[in-house]
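Enquirer: no sequence on this one, just coordinates:
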């Protein structure tokens, strides 16, 4: 158990470094960099916990991005900074680069070595997993803001 906590802490530090790096690329205000780092660490820890509980990577990613969407909504209202400043940098550690890379490598192998059922299977499996993770991130980030906008809409 302590090994898992230590591993999550180390990996969340690296996730926060990646989040701050992408936040700097997107030229966010300097005082929001710490929140981007916290957001990246929060999403990575949340997804790791959900995966450790036994949920799939798609559902874990959806729940973690929904959680950071709620947190970023609170931060954006408190500090009067647009919500994407926090969310775009925070979701970077959850981007499915490995699955997309494996899908593209199998596509290149099909082009150079010929099409085989194994390569088609690898391409479809990894490609669908990458697309479903990206969809989970998108819906998870959009859901909290849509819910709270609907909740706070004035009644005419």
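Expert: It's in. All of these numbers come straight from a predicted model, not from anything done at the bench.
Enquirer: From residue 42, how far off is residue 16?
Expert: The gap separating residue 16 from residue 42 is 9 Å, by CB to CB, to the nearest Å. Just so you know, the C-beta spots here come from the backbone N, C-alpha and C atoms, and that holds for glycine as well.
Enquirer: So for those two, which sits in the more crowded spot?
Expert: residue 16 (24 against 21; other CB atoms under 10 Å).
Enquirer: out of everything not next to it in sequence, what's closest to the more buried one?
Expert: Nearest non-adjacent residue to residue 16, counting by CB to CB, 6 or more residues apart in numbering: residue 37, 3.9 Å away.
Enquirer: host element of the one you found?
Expert: helix 33-53 (DSSP states H and E).
Enquirer: so how far is the very next helix or strand once past that helix from its chain's centroid?
Expert: As assigned by DSSP H and E, the chain's next helix or strand after helix 33-53 is helix 57-79. Centroid separation between helix 57-79 and its chain, computed with CA atoms, centre = their mean, to the nearest Å, is 10 Å.
Enquirer: could you check the angle helix 33-53 makes with the helix or strand that comes right after helix 57-79?
Expert: Beyond helix 57-79 on the C-terminal side, the first helix or strand identified by DSSP H and E is helix 83-90. Relative orientation of helix 83-90 versus helix 33-53 (axes from the mean of the first three to the mean of the last three CA atoms, to 10 degrees): 60 degrees.
Enquirer: Show me which positions of helix 83-90 end up buried.
Expert: 83, 85, 86, 87, 88, 89, 90 (16 or more other CB atoms under 10 Å).
Enquirer: export the residues you listed to CSV and tack on distance to residue 71?
Expert: Shown next, in CSV, are the buried residues of helix 83-90 (distance: CB to CB, whole Å):
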residue, distance to residue 71
83, 10
85, 13
86, 8
87, 9
88, 14
89, 13
90, 8
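Enquirer: Between these, which sits nearest residue 67?
Expert: residue 90 (9.9 Å; CB to CB).
Enquirer: elements contacting the longest helix that the chain contains?
Expert: Under DSSP state H, the helix in the chain containing the largest number of residues is helix 117-151. Helix 117-151 makes packing contacts with helix 57-79, helix 97-113 when contacts are defined by 3 or more CB pairs under 8 Å, 6 or more residues apart in numbering; DSSP states H and E.
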